[in-house]
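>>> Sequence plus the predicted model coming up.
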Amino acid sequence: MSKQTDYNVVAATKYVANGKRNAMTMDIERIFGENTFGLEEMKSRLPKSVFQSILATIEKGDPIDSNIADTVAIAMKEWAVERGVSHFTHWFQPLTGSTAEKHDSFITPNKGGGAVAQFSGKDLIQGEPDASSFPSGGLRATFEARGYTAWDPTSPAFVIENQNGSYLAIPTAFASWTGEALDHKIPLLRSMQAVDKAARRVLKLFGVKGVHRVMSTVGNEQEYFLVDEEYFYRRPDLINTGRTLFGTKPPKGQELDDHYFGSIPDRVLSCMLETEKELYRLGVPVKTRHNEVAPSQYEIAPIFETSNIAADHQQLTMLTLQRVARKYGLVCLLHEKPFAGVNGSGKHNNWSIATDTGMNLLEPGDTPHDNAQFLFFCAAVLLAVHRHQDLLRAAVASAGNDHRLGANEAPPAIMSVFLGEQLEDVFNQIVKGSTKSSKQGGLLGLGVPALPHLPRHAGDRNRTSPFAFTGNKFEFRAVGSSQTVSMPNVILNVIVAEALDHMAAQLEKKLSGKKKNKQTFDSAVASVISGVIKEAKPIIFEGDNYSEEWHKEAEKRGLLNLRTTVDAFATLVEKKNIGLFEKYEVLNKTEVHSRYETWLEQYATTLNIEAETTLTMARTMIMPAAVDYLNELADTLASASSAGLKLAGVQKMAKSVGGLVDKLHEGIGKLEKAAAHIGGDDALAHAKYMRDKVLPAMAAVRDAADELEKIVPHDTWPLPTYTEILFVK
């Protein structure tokens, strides 16, 4: 039996031999949020006045009263210690895209030589990590290290457990000593304020009363791969980069469509169940799990939450998936494209806006007036996407996502909106000045031509659209699986806020000086919506976004096609975009430039790591295996020749392998030469060089190696193949 086959048996049977199959209780109502210091816990532990103050901050956005910090800190510490907690950390989200934490003990020495557990309001409200050690795009130098973390009371503190102990994590914002945002949370919170203010301005015009706050809400569908850890550790590319830099397409992939929604393998299901239990305990409302399209690919999705809570919970979901998978001999891959030739992974960002009274502003209502309001907000989203295609593309840009977007598995880099046949028809009728019927039949206007009645979920779905209306929300499907969802939602919030303000100003102007009655108002609303639809019409597309015809049509419409991350990031620092961020006080010019520099540097660094890994694997693993096989063929030919045999087939095989060895050697040389330079002094030049020179050189090395994989014997090939990684469960 070959080495590789022996190894397959080990990988396939390891979990069964060593895995623990303990029955887990899943009383969701009992365990949900038990590891979070949430509202119920605060209500039971805090004085009523303190609880009411915290509640006003969480539900109404009132400023936090620093005078209550000590009281909250004592209650939080007592709750945490009861759960075996010994340390606390300010849990924040720097520009790395992941999370960061520094643990401090509750223990403080006392005069008697002993120790007591202490946690003050100052400890709760503010921390001071080293700001120079995190990406800042030049905002912080090594000699300017001071930075602050600040408690976010709107996101509940939580306990992370380990078999040897546990710690209290306090969600915080991260800012520099000079006040600039160094994280993803601060801009997100600022953008939520922007959309809140703009939406309430519109609701006031519609006569809606009792709304004190409007919140953007998000539900994220997380796709991921689970692979056996034995294979993971035999792939330096997976270890270093999260994706396979080599690997030929397996004989069987996803062609039979048999994996999507299929029966979940036992080991995977066990991993999912424990992951979900841990997330429930952390207050993450996960709802859905299923097999995804590609082999060994899966999905988990929660129900909607406010944007900042959803962003925190998204980070917890990724961390929990990765942590729990290891207990089952698996590794969770969150890269957008771990395997060439099969579908990659995204993170569909389902976005909507809702009031504190429970009204979803992107859901059709039961009355003509409700539907006028819905159409107004829906039109604002269309206008926002049309005017800011570049920012939406930049929000999902990364080296990993470049492999996925537009690859007949994910939306293209061209931003467009799918409305569904009926909703598009209604907007078209408004533009024409009359809305009396729909393509599905039935009266819309009920006697009011400008204000139709809409059935819910009247339209079909378009799985190829990057931005699709799905009944009561817009699904932004272009977000990458490894990305934080904060920046995409920052962009959505701020561009929709601008569109709502623009439309509100138009409506106010049309109503100014006129007698206020229903007919006047309806006419003005219809006029504003009509104007917006005329402007935003190029962004609406109902067809196949994968088709070549759409790319040509999009170009005719003047839509942007920012194919790569470098193209997308270059738009961030354009004057109009900096002006937008500054107008809504989401990011100032310095903060925008810091992200521009940081993300370009991350892109170039990612490709550099991939290039170095490619070279190492090609030189030390693939080339030796190919040469060994070539020597084996040469020895066979020599023996055959001494016996008077020609073995034309072996000669042909040796020639083929020899040619690929030469091709691989040539590719390695070119990649070495390309990777030895950075291509310029600034971040943009460096990123362009990596995209234009290093990435193609990597691809050439891979082409030769993947051809060799098809020829070199399986027991000689040094890497686990796609067939093994994707199908051994």
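All right, it came through fine.
>>> Can you list the residue ranges for helices in the stretch 551-700 of the chain?
Counting by DSSP state H, counting those that start in this stretch, the segments of the stretch 551-700 of the chain that form helices are 565-569, 575-583, 589-617, 623-642, 648-675, 683-689, 695-709.
>>> list the helices and strands the last one packs on?
Applying 3 or more Cβ pairs under 8 Å, 6 or more residues apart in numbering; DSSP states H and E, one finds that helix 695-709 contacts helix 589-617, helix 648-675. In short, each C-beta sits where N, CA and C put it, glycine included.
>>> That one versus helix 589-617: what angle between them?
30 degrees (axes from the mean of the first three to the mean of the last three Cα atoms, to 10 degrees).
>>> Next, the buried residues of helix 695-709.
Along helix 695-709, these residues count as buried under the neighbour rule (16 or more other Cβ atoms under 10 Å): 695, 697-698, 700-702, 704-709.
>>> Can I get the residues you listed in a markdown table including distance to Glu274?
Output for the buried residues of helix 695-709, formatted as a markdown table (distance: Cβ to Cβ, whole Å):
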| residue | distance to Glu274 |
| --- | --- |
| Leu695 | 38 |
| Ala697 | 43 |
| Met698 | 37 |
| Ala700 | 43 |
| Val701 | 40 |
| Arg702 | 36 |
| Ala704 | 42 |
| Ala705 | 37 |
| Asp706 | 36 |
| Glu707 | 41 |
| Leu708 | 40 |
| Glu709 | 35 |
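>>> possible to save those as JSON lines with distance to Phe225 and pLDDT?
Putting those into JSON lines (distance: Cβ to Cβ, whole Å; pLDDT from 0 to 100) gives the following:
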{"residue": "Leu695", "distance to Phe225": "22", "pLDDT": "97"}
{"residue": "Ala697", "distance to Phe225": "27", "pLDDT": "98"}
{"residue": "Met698", "distance to Phe225": "21", "pLDDT": "98"}
{"residue": "Ala700", "distance to Phe225": "26", "pLDDT": "98"}
{"residue": "Val701", "distance to Phe225": "24", "pLDDT": "98"}
{"residue": "Arg702", "distance to Phe225": "19", "pLDDT": "98"}
{"residue": "Ala704", "distance to Phe225": "26", "pLDDT": "98"}
{"residue": "Ala705", "distance to Phe225": "21", "pLDDT": "98"}
{"residue": "Asp706", "distance to Phe225": "20", "pLDDT": "97"}
{"residue": "Glu707", "distance to Phe225": "25", "pLDDT": "97"}
{"residue": "Leu708", "distance to Phe225": "25", "pLDDT": "97"}
{"residue": "Glu709", "distance to Phe225": "20", "pLDDT": "97"}
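>>> what's the distance between the residue positioned nearest the centre of the chain and Asn472?
The chain has Gln483 as the residue nearest its centroid, 3.7 Å off, counting by Cα atoms, centre = their mean. As judged by Cβ to Cβ, to the nearest Å, Gln483 and Asn472 stand 24 Å apart.
>>> now Asn608
In terms of Cβ to Cβ, Asn608 sits 44 Å off from Asn472.
>>> of all the helices of the stretch 551-700 of the chain, which lies closest to Met215?
helix 575-583 (20.3 Å; Cβ to Cβ).
>>> Please list the residues outside the closest one that contact it.
Helix 575-583 is contacted from outside by 388, 390-391, 494-495, 498, 571, 587-589, 591-592, using Cβ atoms under 8 Å, 6 or more residues apart in numbering.
>>> Which single one of the residues you listed is nearest to Tyr603?
Thr571 (14.3 Å).
>>> ok, the closest one touching Asp390?
Yes: Thr571 is within contact range of Asp390, at 3.9 Å (criterion: Cβ atoms under 8 Å).
>>> what's the spatially closest residue to Val627 that is not a sequence neighbour in contact with, if anything?
Nearest residue to Val627, sequence neighbours excluded (Cβ to Cβ, 6 or more residues apart in numbering): Val661, at 6.4 Å. Going by Cβ under 8 Å, 6+ apart, Val661 touches 623, 626-627, 630, 708.
>>> make it 7 Å
Val661 sits next to 626-627, 630 when contact means Cβ atoms under 7 Å, 6 or more residues apart in numbering.
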